[in-house]
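J.: Quick one: sequence and predicted model below, then my questions.
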Amino acid sequence: MTPIDRGEAARRAADELLKPGYEKESLLDQAYRRFTQFVGDLMDAATGGGTTGGIISAVVISLIIGGVIALVVWRLRKTSRANATAADGLFGERRMTAAEHRQAAERLAAQGSWTEAIQERLRAIARDLEERALVDGLPGRTADELAAEAGQALPGFAAELTAAARSFDDVTYGDVPGTREAYTAMSELDERLRQARPVPLAGRTP
């Protein structure tokens, strides 16, 4: 096939658009058709346009494909980061107090919604520790991060906090169904943490 130059390709495209069949073609369809035609012309040039033309066409095609891949990867990473922020954080968009989280947990437990009740009870623990300035109020905090930081202020509860964080992760991300026993353990830990006093700063592990 004899390659055509850009001017000839544009003229042919214009002639094609004058046909009655394209009178009602949408802008999106026109853009897609022109793009595929342009790529097709490049492919023809790459396969039969001589050494120089073939190299140039191959480079342009590679750049187009690379740009599309880069755009897709960027979108996937952006979506992944947004989902990770939403999924990994302990709290939802609405800011609630520790007391409100406890009330929500008790209401869900009364309904037998153990998974959601466990989630709300750990949120109550996290918010209570923040309200008492035992942990920092970091946005997007994970359950594991909460357990690690709270364990520094309350070392006697470090193991139980780690277990509570694991329970939260199991029901939230691991498809493990919540149970009455797991909720009871979380509730009892919450009540004992409310009465606990932190160790002095000098006694904490740096």
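T.: Perfect, I can see it now.

J.: how about the helices in the protein?
T.: Along the chain, the stretches classed as helices by DSSP state H are 6-17, 27-48, 50-88, 98-110, 114-131, 143-153, 158-173, 180-195.

J.: Least confident of those, on average?
T.: Comparing mean pLDDT over these, the weakest stretch is helix 50-88, at a mean of 59.

J.: Relative to Ala163, how far out is the nearest residue to Arg102 once chain neighbours are set aside?
T.: In space, Arg102 comes closest to Ala124 once its chain neighbours are excluded; the distance is 4.4 Å by Cβ to Cβ, 6 or more residues apart in numbering. For glycine as for every other residue, the C-beta is placed from the backbone atoms N, C-alpha and C. According to Cβ to Cβ, to the nearest Å, Ala124 and Ala163 sit 16 Å apart.

J.: And those two? Which one has more around it.
T.: Ala124 (26 against 15; other Cβ atoms under 10 Å).

J.: hang on, isn't the more buried one packed against Glu106?
T.: No - Ala124 is beyond contact range of Glu106, at 9.7 Å (criterion: Cβ atoms under 8 Å).

J.: how about Val176, what does it touch?
T.: Asp170 (Cβ atoms under 8 Å, 6 or more residues apart in numbering).

J.: Tell me the confidence at it?
T.: 92.

J.: Would you enumerate the residues in contact with Ala163?
T.: Applying Cβ under 8 Å, 6+ apart, the residues contacting Ala163 are Ala185.

J.: What distance do you get for it to Thr36?
T.: 58 Å.

J.: can I assume Ala182 is in contact with Trp114?
T.: Yes - counting by Cβ under 8 Å, Ala182 does reach Trp114; the two are 6.9 Å apart.

J.: list the residues that contact both of these two?
T.: Shared contacts of Ala182 and Trp114, defined by Cβ under 8 Å, 6+ apart, comprise Val171.

J.: Now do Asp175: how many residues are near it, please.
T.: Counted with other Cβ under 10 Å, Asp175 comes out at 8.

J.: Next, it: phi, psi?
T.: phi 60, psi 30 (degrees, to the nearest 10).

J.: Then Gly178?
T.: phi -70, psi 150.

J.: quick one, what contacts it?
T.: Ser113, Trp114, Thr115, Glu116, Ala117, Ile118, Val171.

J.: next one: Trp114
T.: Leu108, Val171, Pro177, Gly178, Thr179, Arg180, Ala182, Tyr183.

J.: ok, for it, nearest residue in space, not its chain neighbours?
T.: Per Cβ to Cβ, 6+ apart, closest to Trp114 is Gly178, 3.3 Å.

J.: got it, and Ile125?
T.: Looking at Ile125 with Cβ to Cβ, 6+ apart, the closest residue is Asp190, at 5.0 Å.

J.: wait, His101 sits on Arg121?
T.: Yes - His101 is within contact range of Arg121, at 7.3 Å (criterion: Cβ under 8 Å).

J.: Counting neighbours, go ahead and name the busier of these two.
T.: Counted by other Cβ under 10 Å, His101 and Arg121 do not tie: Arg121 has more neighbours, with 28 against 23.
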